[in-house]
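Engineer: turn this into a structure:
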Amino acid sequence: MMENKELQFDRLSRLDLNRVSPNNRALPFSPHGNNVYISSDTSSPYKDLAFPLNVYAHALLLQEGRADYLHYGLFQENQTDLCAAQQYSTDLLLNRLPSAPCRILEVGIGLGTTFSLLTQKGYQVNGITPDAQQITLIHKRLGTQAQVACQRLEDFEAAQDSFDVLLFQESAQYIEPLVIFNKGLDLLPEGGSLLIVDEFALRRVEAGVEGLHLLSDMLALATRLGFELVEQLDLSRMAAPTLDYLLRVTTLQRQRLMNDLSLNAECLEKLDESNQLYQEKYACGRFGYALLHFRKKQQPRWRLRLLEKNQVPDMLALFEQTFGHSMTPAMWHWKYGTGRGRAIGVWYENQLIAHYGGMVRKIFYFGQPQIAVQIGDVMVDSAKRGTLTKKGPFFLMAATFLERYIGYGKPYLLGFGFPNERAMKVAERQGLYVETGQMSEIEWQPLAKTPRWLTRLHVVDSSNVNENWIVTAIAQCWQSMVADLQEALVGVRDWTYLRDRYLSHPHQHYQIVLVINRFGRKVRGVLVLRHNPEGCEITDLVSPLKEIPLLIIHARRIAGMSGHHRLSCQITENFASYFVATGGIQQALPIRIPANAWSAGPALETLRNRWWLMSGDMDFR
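Structural biologist: Down below sits the predicted model:
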């Protein structure tokens, strides 16, 4: 995911055992972009832990005389002792374990206190953490014979049914839920337990990525992947006082923390701000704390997983089987590579039989920058396609993708796409999508090459792609277009997008043409054209809306000069009038624009007939 430092700080500032993320996303935070410097002569035994781990551990040492845990405490009525509250939390987990000896994998071992208790009680325990500093601390405390490894859960491998329990004590929030449950399917026998105590988002009401998993999504995914919920405890009220304690202690011990850990005041102020924000979200019911006990019920028929890069050949084979033509590796990389896309696959007996992909798009959402994801390459093996119920592969991967990526608190505020009629009806029937628009095609007759005396054309290609005046001109056209579309949703069409989308396409050739005043060199707009045997197509344009008639005239001239018998473009129906007014003939297309109806997000009525989409957005040919 594309996480900024503020998000990393917000997630790191939560008190837990596994403060360095099992996904290695958590880094020492500095408001100036540098690692926090810790003096080598500090007496704190936690000096080498990443910020704010070092703060929490040392604060506990100063205030309580010891630091056994770094996870939340669960405070009983009138209790003020954090150490006792933390032990109560651990005891809740221990009381739900089968009798010793049984085999436990502790995911996120923190300071090793829970690991030590389990070992003393006779359990066969293995622990993993991606943080080498935590491993060093545990070896100092428990000896090098302790069965702990510096490893992420994603990379952990063991024989089938190797453990009876997977234990997550405030580490699950850092791990992809699909990884958690798939590892549970691989490592647990039927009837094995998956125990989680952690923070969760309880509801989402605004755009922007929140670091906590949504509890309802977690429960839905568990059921989808063959787990039953044995117990669910809402511990939010008991956990929330931990935040009060932290804010009080970092104030009381501020100078010692700064001196002993060589921190500046700004770091601690930002930590306090983050904890105060969490206080507010706990108070209004947006964040909470829960214990979840799942039992592996059965191996599911279908296995849902994130598509990894080494599985791309399987995706390409499924694509060819489904659509009857191939996608090259270069095309896949252009669409999905280097963080540009996300995909979920469905496997049946180790064979990829379904795929649901999405390509990241920067958009303007009623004049404000946001991130959306364009759904594409949705396919199911023809032999399995008949299973169109909520237990079938299409529903499983589509619902999981929407829960994981789209809506409030998710990486992408909106999703959109261009499904055919059949796929749209299936998704609507299953409650996944709702229609918010439709595509139209506009057609014109080409014109003769007679010049326009007040304007001229300038072709942009690899020879002039980096000329400053071109970059500046396109930026101006785009800003004017954004100003005209303040009440709409539109994908970003700046120079970077045009270059990457059109000039860097691995297979197709596009023509980018600037329409420029003959006097003064003002650029009136940008045309993106695609020439093919069926005619000339306006794939995209960038301009103030008032300049559309001028651009259409020039596109008709180019079509005529190129010997085409027709010029066409595809545009969302709600903006078709701008093109019909130039003499075009409109025809409805059987292509509808869906919106996410499955996870919480903007009201669907606000999105209806608001998209500006053209064929350049549509299929990434």
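
Engineer: any idea which helix is longest in the protein?
Structural biologist: The residue-count maximum for a helix in the chain (DSSP state H) belongs to helix 265-283.

Engineer: pull the distance from the helix or strand following it to the chain's centre.
Structural biologist: Toward the C-terminus, helix 265-283 is succeeded by strand 287-296 as the next helix or strand (DSSP states H and E). Here strand 287-296 is found 22 Å from its chain centre; the criterion is CA atoms, centre = their mean, to the nearest Å.

Engineer: could you give the angle of strand 287-296 to helix 265-283?
Structural biologist: Strand 287-296 runs at 70 degrees relative to helix 265-283, counting by axes from the mean of the first three to the mean of the last three CA atoms, to 10 degrees.

Engineer: now the residue nearest the centre of the chain: phi and psi?
Structural biologist: Taking CA atoms, centre = their mean, the centroid of the chain lies closest to Pro411, which sits 3.8 Å from it. When read as degrees, to the nearest 10, the backbone of Pro411 gives phi -60, psi -30.

Engineer: same deal with Ile371?
Structural biologist: Dihedral angles (degrees, to the nearest 10) for Ile371: phi -120, psi 130.

Engineer: these two touch, right, the residue nearest to the centre of the chain and Tyr405?
Structural biologist: Yes. Using CB atoms under 8 Å, Pro411 is in contact with Tyr405, at 5.4 Å. For the C-beta atoms, the positions are set from N, CA and C on the backbone; glycine is no exception.

Engineer: now the common contact residues for the two.
Structural biologist: The contact sets of Pro411 and Tyr405 overlap at Val373 (CB atoms under 8 Å, 6 or more residues apart in numbering).

Engineer: any regions of the stretch 251-400 of the chain where pLDDT drops low?
Structural biologist: Flagging of the stretch 251-400 of the chain using pLDDT under 70 yields the residue ranges 385-388.

Engineer: tell me which residues in the longest helix of the chain are buried?
Structural biologist: Buried residues in helix 265-283, counted by 16 or more other CB atoms under 10 Å: Cys267, Leu268, Lys270, Leu271, Asp272, Ser274, Asn275, Tyr278, Gln279, Lys281, Tyr282.

Engineer: quick check: the third one vs Gln133, distance?
Structural biologist: Counting by CB to CB, to the nearest Å, the separation of Lys270 from Gln133 is 22 Å.

Engineer: kindly report the same for the last one.
Structural biologist: From Tyr282 across to Gln133, the span is 29 Å (CB to CB).

Engineer: quick revisit: for the residue nearest to the centre of the chain, report the pLDDT, please.
Structural biologist: For Pro411, the pLDDT comes out at 95.

Engineer: cool, and Arg14?
Structural biologist: 40.

Engineer: burial count for the closest residue in space to Gln151 that isn't next to it in sequence?
Structural biologist: Spatial nearest neighbour of Gln151, excluding adjacent residues (CB to CB, 6 or more residues apart in numbering): Ile128 at 4.7 Å. Other residues lying near Ile128 total 22 when counted by other CB atoms under 10 Å.

Engineer: which neighbours does whichever strand or helix holds Ile128 have in its sheet, and in what orientation?
Structural biologist: Ile128 belongs to strand 124-129 when assigned by DSSP H and E. Paired strands of strand 124-129, with direction, are strand 103-107 (parallel), strand 148-150 (parallel) (DSSP bridges).

Engineer: could you list every helix and strand in contact with the longest strand seen in the chain?
Structural biologist: With DSSP state E setting the assignment, residue counts place strand 351-365 as the longest strand in the chain. Helices and strands touching strand 351-365, by 3 or more CB pairs under 8 Å, 6 or more residues apart in numbering; DSSP states H and E, are helix 312-323, helix 329-336, strand 341-348, strand 368-380, helix 393-405, strand 414-416, strand 489-491.

Engineer: what's the most buried one of these?
Structural biologist: Ranked by mean neighbour count, the helices and strands packed on strand 351-365 are led by strand 414-416 with a mean of 25 (mean count of other CB atoms under 10 Å).

Engineer: these two touch, right, Trp334 and Ser504?
Structural biologist: Yes. Counting by CB under 8 Å, a contact exists between Trp334 and Ser504, whose distance comes to 7.1 Å.

Engineer: confirm Gln586 sits in a strand?
Structural biologist: Yes. Counting by DSSP: H, G, I helix; E, B strand; the rest coil, Gln586 falls inside a strand.

Engineer: how close does it get to Leu550?
Structural biologist: Relative to Leu550, and taking CB to CB, Gln586 is found at 20 Å.
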